[in-house]
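>>> Please work out how this folds:
(2 chains)
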Amino acid sequence: MEIIIDGKKCEAQYGEYVLNVARRNGIQIPALCHYDALPGQATCRLCIVEVEEGGRKKVVTSCVFPVTGEMQVFTNSEKIQRMRKNIIRLLSARAPNNEFIKKLRQEYGLLPETRFSGDDKENCILCGLCVRACDETGISAISTVNRGIEKKVSTPFDEASEACIGCGACAFVCPTGAIKMLDENGIRHLWNKDFELVRCEKCGEYFATREHIEYMKKKYGEDKCCSFCEKCRKRIAGEKMAASYRK
Amino acid sequence: MELQDFSHVRAILEHYPPERRFLLAILQDIQKHYNYIPRASLEMVRDYLDVPLSKLYSMATFYKALSLKPKGKHVIKVCDGTACHIKSSQVIIDEIKKVLNIVPGTTTGDGKFSLETVNCLGSCAVSPVMVIDDRFYGRVAPSMVRDILAEYGRLENERA
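Numbering: from 1, shown residues only, chains lettered A, B, ... in the order given. Coordinates of the predicted model:
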């Protein structure tokens, strides 16, 4: 089916989310909590758009709004601009010094905040993407803790988690860089826990934690994985492909 | 404190099939029996239901009815909903603070009383309202607080 986004005709499939259709067609909608492999958070609210269906207009979060029929989408109407500015101000009140959010403020021409104030050291906007990533990998070492103004993401009892394998998926998906992961001298520091890093058998660079590799071996089989870093894996795959063409 | 006997946790667990949907019911039962959720019991629930510890911790910190720290023998709930608030529930809370020397959300040193504020008990007609364990006290005046609390035993934590 076809939908119209900002006046442009876009091909879409039934059930596809509006955000994905827009991005595929080169229409940018800002979003923080959206990650292609882990869709459907809808917590940052930045991706709001106006949708007109059957003559009625409504504001929806495009990252979870499915295409079900004819519709017209406005991603940057005056109303959306205004609402999005407010959302950015609120996110910025939560994490005032975060670079990503500061950049958004700039993009939307927001003046320095006088009304809201927040914790200068806070970077987390509680979108929950890290928790989702941890759950999807099957580890579930972190979760949201407490509620209301005390809500945060943490490990049980704020201690080094038994379950955590130090894969760093949480830090990788974090849209605001709030999760501190530090690799130094062959040790990875993450969530109050220290992990031993393992070197790639080919290039000798540190590339994963021992716990992570053991987990992968258990999941995918001893021989299937886990001796080489990502770069070397790509190179090996490339060489294999090249060899098969040469034949 | 962790040296307690946790055999009752086992009994609670066996009361339910090992399915995740019974998680909250199990935690409520543990809270009821022990007056809090001991850490060791969380680990037992994890093993029984095969639910990650992080999810259990998340739940135990989310619900106000669940507590990871031991609650007092008697739980005092002072309503601070709109009606009670207007009827000076804050003065009642201050009076309890004075008598027991604790702030809302904490427990007295002797483990006898916990103080909590709640947002409405649905008895606005007799506001300000206070509930201790399962007993209601309506139209509470600050001068009544000391006598009401005395019904629950000697106030050891009393400030000199």
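
>>> Where does the prediction get shaky in chain B?
For chain B, the stretches flagged by pLDDT under 70 are B:1-4, B:154-160.

>>> And the strands in it?
B:74-79, B:113-118, B:130-132, B:135-137 (DSSP state E).

>>> is the second one up against chain A anywhere?
Translated: strand B:113-118. No: Strand B:113-118 lies out of reach of chain A by Cβ under 8 Å from any Cβ of the partner chain, never closer than 13.6 Å. Where C-beta positions appear, they are placed from N, C-alpha and C, glycine not excepted.

>>> ok, B:Q28 to chain A distance?
17 Å (Cβ to the nearest Cβ, to the nearest Å).

>>> Kindly tell me how buried that residue is, as a neighbour count.
15 (other Cβ atoms under 10 Å in any protein chain shown).

>>> Which residue lies closest in space to B:K55, excluding its sequence neighbours?
Leaving aside its chain neighbours, B:K55 sits nearest to A:S143 (5.7 Å; criterion: Cβ to Cβ, 6 or more residues apart in numbering or on different chains).

>>> Near chain A, which residues of chain B are found?
Residues of chain B lying near chain A (Cβ under 8 Å from any Cβ): B:39, B:42, B:52-58, B:61-62.

>>> re earlier: got a list of what the residue nearest to B:K55 touches?
A:131, A:153-154, A:156, B:52, B:54-55, B:57-58 (Cβ atoms under 8 Å, 6 or more residues apart in numbering or on different chains).

>>> Number of residues surrounding B:T107?
23.

>>> before we move on, back to that, could you check the pLDDT of the residue nearest to B:K55?
With respect to pLDDT, A:S143 scores 94.

>>> low pLDDT regions in chain A?
Across chain A (using pLDDT under 70), the flagged ranges come out as A:224.

>>> where exactly do the helices run in it?
All helices of chain A, identified by DSSP state H, fall at A:18-24, A:78-94, A:99-107, A:129-136, A:169-173, A:210-220, A:230-246.

>>> again with chain B
Along chain B, counting by DSSP H, helices occupy B:7-14, B:23-34, B:39-49, B:53-62, B:82-86, B:89-100, B:142-150.

>>> closest one to A:K202 among these?
Within those, the stretch nearest A:K202 is helix B:53-62; the backing value is 35.0 Å (Cβ to Cβ).

>>> for that closest one, packing partners?
strand A:143-145, helix B:23-34, helix B:39-49 (3 or more Cβ pairs under 8 Å, 6 or more residues apart in numbering or on different chains; DSSP states H and E).

>>> got the buried residues for that helix?
Residues of helix B:53-62 classed as buried: B:53-62 (neighbour count, 16 or more other Cβ atoms under 10 Å in any protein chain shown).

>>> Repeat that for stretch B:139-155.
Quick answer for stretch B:139-155 (16+ other Cβ under 10 Å): B:140, B:142, B:145, B:148-149, B:152, B:155.

>>> ok, residues contacting stretch B:72-79?
Residues outside stretch B:72-79 that contact it (Cβ under 8 Å, 6+ apart): B:35, B:84, B:89, B:92-93, B:96, B:104, B:107-108, B:111-121, B:123, B:127-133, B:149, B:152.

>>> ugh, wrong one, stretch A:54-68
Counting by Cβ under 8 Å, 6+ apart, A:1, A:3, A:12-19, A:21-22, A:29, A:31, A:33-34, A:39-42, A:45, A:47-51, A:73, A:75, A:79-80, A:83 sit against stretch A:54-68.

>>> on that earlier part again, of the helices of chain B, which stretch is the most buried?
Across the helices of chain B, averaging neighbours per residue (mean count of other Cβ atoms under 10 Å in any protein chain shown) puts helix B:53-62 on top, at a mean of 22.

>>> For that one, C-alpha coordinates in PDB please.
Output in PDB follows, covering the C-alpha atoms of helix B:53-62 (Å, rounded to 0.1, in the frame of the first residue of the first chain):
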ATOM      1  CA  LEU B  53      17.100 -11.900  39.500                       C
ATOM      2  CA  SER B  54      17.100  -8.400  38.000                       C
ATOM      3  CA  LYS B  55      13.400  -8.700  37.100                       C
ATOM      4  CA  LEU B  56      12.600  -9.800  40.700                       C
ATOM      5  CA  TYR B  57      14.600  -6.900  42.100                       C
ATOM      6  CA  SER B  58      12.900  -4.600  39.700                       C
ATOM      7  CA  MET B  59       9.500  -5.800  40.900                       C
ATOM      8  CA  ALA B  60      10.400  -5.800  44.600                       C
ATOM      9  CA  THR B  61      11.500  -2.100  44.300                       C
ATOM     10  CA  PHE B  62       8.600  -1.100  42.200                       C
END
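
>>> sorry, back to before: kindly reformat the helices of chain B as TSV containing distance to A:P175.
As requested, the helices of chain B are exported to TSV (distance: least, Cβ to Cβ, whole Å):
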stretch	distance to A:P175
helix B:7-14	39
helix B:23-34	30
helix B:39-49	30
helix B:53-62	21
helix B:82-86	38
helix B:89-100	41
helix B:142-150	50
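
>>> Among those, single out whichever gets nearest to A:W191.
That would be helix B:53-62 among these, by Cβ to Cβ, at 10.5 Å.

>>> starting at the chain centroid, how far to the closest one?
Computed by Cα atoms, centre = their mean, to the nearest Å, the chain-centroid distance of helix B:53-62 equals 17 Å.

>>> domains of chain B?
B:7-62, B:74-150 (automatic domain parsing).

>>> whoops, I mixed them up, chain A
Under the assignment automatic domain parsing, the domains of chain A span A:2-107, A:129-246.

>>> how about CSV for those domains, with distance to B:L27 added?
Formatted as CSV, the domains of chain A follow (distance: least, Cβ to Cβ, whole Å):
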stretch, distance to B:L27
domain A:2-107, 25
domain A:129-246, 14
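
>>> closest one to A:C174 among the domains of chain B?
Taking the domains of chain B one by one with Cβ to Cβ, domain B:7-62 is closest: 16.7 Å.

>>> First-to-last residue distance for the closest one?
The first and last residues of domain B:7-62 sit 26 Å apart, counting by Cα to Cα, to the nearest Å.
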